[in-house]
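Q: Prediction below, plus the sequence it came from.
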Amino acid sequence: MAEKNSGFFAVIRVRGPVNVNRETEHTMKMLRLDRTNHCVIVPSNPTMKGMLHRAEECITWGEVDQATLEKMIAKRGRVDGKKAPEVAKLMLSGKKPVDGTKVFRLTPPSKGYRPTRRFYPKGALGYRGDKINNLIRRMI
């Protein structure tokens, strides 16, 4: 079973920019989530949690594990000459800053999202805990 690290969240933009509050869209830009199906890894701190709650009408997030992060870096990440497992370990241990990583451009999930206007577990929006890893694997 994959090791869970609750120090970082994977954040995925689910809904587009149409009919979104200006403050929510500004929060999305600060999170570097400009387009649908883009994903970023952010640290779990009170400031980030506040930003995630502000933008939860457009995003889904949860704790990312090391195995999923390695797959995502290997398939969709842009790294500077290092292997994906090394980069994932450096990110999760805190030796490589997460803020400098680029956005992961994911594909729409196979078998689709659940209804995007409702919150998890009935829809695709909001906090989903470690179930985010299943969604990311479907989107890689």
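A: All right, it came through fine. Numbers count the residues shown, from 1 in each chain.
Q: need the helices for the chain, in chain order.
A: Along the chain, the stretches classed as helices by DSSP state H are 22-30, 46-54, 66-76, 84-93, 132-139.
Q: Quick one: work out the angle between the first one and helix 46-54.
A: Right, helix 22-30. 130 degrees (axes from the mean of the first three to the mean of the last three Cα atoms, to 10 degrees).
Q: where are the low-confidence patches of this protein?
A: Residue ranges of the chain with pLDDT under 70: 1-6, 79-81, 97, 99-100, 116-117.
Q: rerun that using 90 as the cut-off
A: Along the chain, the parts satisfying pLDDT under 90 run over 1-8, 17, 66, 69-103, 111-124.
Q: mind checking the longest strand of this structure?
A: strand 4-13 (DSSP state E).
Q: which one of the helices of the chain lies closest to residue 118?
A: Proximity to residue 118, assessed across these by Cβ to Cβ, is greatest for helix 132-139 (15.1 Å). C-beta coordinates here come from the backbone N, C-alpha and C atoms, glycine included.
Q: What about the residue lying closest to residue 58 once chain neighbours are set aside, how many residues nearby?
A: Excluding the flanking residues, the one nearest residue 58 by Cβ to Cβ, 6 or more residues apart in numbering is residue 15, at 4.4 Å. Residue 15 has 19 neighbours, counted by other Cβ atoms under 10 Å.
Q: roughly how far apart are residue 15 and residue 25?
A: Residue 15 sits 11 Å away from residue 25, going by Cβ to Cβ, to the nearest Å.
Q: picking up where we left off before, which residues outside the longest strand of the chain are in contact with it?
A: 28, 31, 33, 35-44, 48, 52, 58-66, 68-69, 72, 91-92, 94, 98, 106, 130, 132-133, 135-136, 139 (Cβ atoms under 8 Å, 6 or more residues apart in numbering).
Q: same thing with stretch 25-33?
A: 11, 13, 17, 20, 34, 38, 40, 42, 51, 54-55, 58-59, 103.
Q: Counting neighbours, which bits of that stretch end up buried?
A: Residues of stretch 25-33 classed as buried: 27-28, 31, 33 (neighbour count, 16 or more other Cβ atoms under 10 Å).
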